[in-house]
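J.: Give me the fold of what follows.
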Amino acid sequence: MSLKKVVVLGASGTVGTIAINTIERLADVELIGATVWNNAESLQHISNKYRPKYLGGSADTIAEINTTSQTFSGICGIETLVQQDDVDLVFCAISGFAALPIVLSAIEAKKDIAIASKEVLVAAGELVMRKATENGCNIIPVDSEHSAIFQCLQNNSYNSINKIILTGSGGPFLNLPANKFANITVEQALKHPKWQMGPKISIDSATLMNKGLELIEAQWLFGLEHDKMQLLIQPEAIIHSMVEFNDRAVMALMSAPDMTQPVQYALTYPNRQPSNIESLDFSKLTQLNFQQPNKEKFPCLKLAEIALKEKGTLQTVLNGANEVAVNKFLKGKIQFTDIYRIIAEVVQKHDNSPADSIEAILEADNWARHYSYQLAVNS
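T.: Just a heads-up that it's a prediction; the model follows:
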């Protein structure tokens, strides 16, 4: 049995850590490389415990570690790492738009990509998917919702989709009155009721922007128009998403709210392996609830829907503005409600254009970040 050799990008984050722990359990998957940008202690631990062939990080991080692995520093170095001949799968768990050049480099080298970095597909989905098709690369989603859809579609034609039903738990403020949103603290927003996640995605879940970004991600992953996608709140977080086919059969993926399942499937695709997560006990599952998202209470969804319909660099701008606003909120520089206000103004001011080249995407992203930063400073 040949080993699938995997590089984990963002190996110290929540999803990256799950990926490495999962690889350790799998007999047919090998950790051949790992990157950690700014945490030398974590990268040193990975080096000592797993002894991967390749390690990457910032120049300062690489300078601090003592390892026998071949090292790659900086973005350009990591772009080279993912192109190594013996790499089979690049597992991208880097948070945010910063992962884009590395993903494109891996695609250029015809590597399969397991992608947990939704911002890459939100900001540059058209370009990434086109390049992947041209180079014969599989793009395997890791987000639980997109993994659910992807798994439901195995052995089914994408042309047979009537619609996808993307679900979400509703986040920590599903039942909090909107008139209390201005006083939401960072600590409150980070306490997701169902999932253990990194800070950026936790705030996105609190604003429900995460669901909007996931709709855009699904648009590119599955080649769907906006009218073939529906969003539902499923507070128990048991149904991770559903697909309705043209014969009106509906397939759903159900599991405990644990990222190990989608992470493991991305690593073992197209095969399945035994997992150590708990089984669902249907005798104790007394009800499953669904509700429409409240877009007046969570207006970031409206902005995402505009970008979903318009496509182009508006999606890039939405993503860039959101990253800046979330970062400023996490640092205590703006209020929770300022996140929407900043993104809305940036989206309104942007002149949309095709996002069909890396130059157009980088220009739009840079403009959005600069403008968002100025709005945050003047809040």
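J.: can you point me to the longest helix in this protein?
T.: Under DSSP state H, the helix in the chain containing the largest number of residues is helix 358-377.
J.: What residues of that helix count as buried?
T.: 360-362, 364-365, 367-369, 371-373, 375-376 (16 or more other CB atoms under 10 Å). Yep, even glycine has a C-beta here, placed from its N, CA and C like the rest.
J.: could you pull out the strands for the protein?
T.: 4-9, 29-35, 54-57, 70-73, 89-92, 112-115, 139-141, 161-168, 229-233, 239-245, 250-254 (DSSP state E).
J.: Give the pairing partners of the shortest one; include direction for each.
T.: Yep, that's strand 139-141 we're talking about. In the sheet, strand 139-141 lines up against strand 112-115 (parallel) (DSSP bridges).
J.: Next: the second one.
T.: Next to strand 29-35 in the sheet, as set by DSSP bridges, lie strand 4-9 (parallel), strand 54-57 (parallel).
J.: now the last one
T.: Each strand that strand 250-254 pairs with, and the sense of that pairing, follows from DSSP bridges: strand 239-245 (antiparallel).
J.: Could you name the residue of the chain that is farthest from its center?
T.: residue 283 (32.6 Å; CA atoms, centre = their mean).
J.: In JSON lines: the strands of the chain, plus mean pLDDT and distance to residue 293.
T.: Below are those laid out as JSON lines (pLDDT from 0 to 100; distance: least, CB to CB, whole Å):
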{"stretch": "strand 4-9", "mean pLDDT": "98", "distance to residue 293": "31"}
{"stretch": "strand 29-35", "mean pLDDT": "98", "distance to residue 293": "35"}
{"stretch": "strand 54-57", "mean pLDDT": "98", "distance to residue 293": "38"}
{"stretch": "strand 70-73", "mean pLDDT": "98", "distance to residue 293": "42"}
{"stretch": "strand 89-92", "mean pLDDT": "98", "distance to residue 293": "28"}
{"stretch": "strand 112-115", "mean pLDDT": "98", "distance to residue 293": "24"}
{"stretch": "strand 139-141", "mean pLDDT": "98", "distance to residue 293": "21"}
{"stretch": "strand 161-168", "mean pLDDT": "97", "distance to residue 293": "8"}
{"stretch": "strand 229-233", "mean pLDDT": "97", "distance to residue 293": "6"}
{"stretch": "strand 239-245", "mean pLDDT": "97", "distance to residue 293": "14"}
{"stretch": "strand 250-254", "mean pLDDT": "97", "distance to residue 293": "18"}
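J.: can you list those in CSV and add mean neighbour count and distance to residue 297?
T.: Shown next, in CSV, are those (neighbours: other CB atoms under 10 Å; distance: least, CB to CB, whole Å):
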stretch, mean neighbour count, distance to residue 297
strand 4-9, 26, 35
strand 29-35, 25, 38
strand 54-57, 27, 40
strand 70-73, 17, 45
strand 89-92, 26, 32
strand 112-115, 25, 30
strand 139-141, 23, 28
strand 161-168, 21, 14
strand 229-233, 19, 11
strand 239-245, 22, 22
strand 250-254, 16, 26
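J.: With respect to residue 347, which of those strands lies nearest?
T.: Closest approach to residue 347 among those (CB to CB): strand 229-233, 18.7 Å.
J.: just to revisit the earlier point, residue 274: which of the strands of the chain is closest?
T.: Between residue 274 and the strands of the chain, the tightest spacing by CB to CB is seen for strand 29-35, at 13.2 Å.
J.: per-residue confidence at residue 311?
T.: The confidence metric pLDDT takes the value 97 at residue 311.
J.: Now the phi/psi pair for it, please.
T.: Per-residue torsions, residue 311: phi 60, psi -150 (degrees, to the nearest 10).
J.: need the contact list for it.
T.: Shown in contact with residue 311 (CB atoms under 8 Å, 6 or more residues apart in numbering): 126, 219, 355.
J.: From residue 137, how far out is the second one?
T.: So the one you mean is residue 219. Separation of residue 219 from residue 137 (CB to CB, to the nearest Å): 19 Å.
J.: Out of those two, name the residue with the larger neighbour count.
T.: A side-by-side neighbour count of residue 219 and residue 137, using other CB atoms under 10 Å, places residue 219 first with 25 against 21.
J.: Give me the residues contacting stretch 104-114.
T.: Residues outside stretch 104-114 that contact it (CB under 8 Å, 6+ apart) are 79-80, 82-83, 87-92, 103, 127-128, 131-132, 135-142, 266-267, 269, 358.
J.: now stretch 361-379
T.: By CB under 8 Å, 6+ apart, the residues outside stretch 361-379 that reach it are 97, 100, 123-124, 127, 313, 316-321, 323-325, 328, 333-335, 338, 341-343, 345-346, 349-350, 353, 355.
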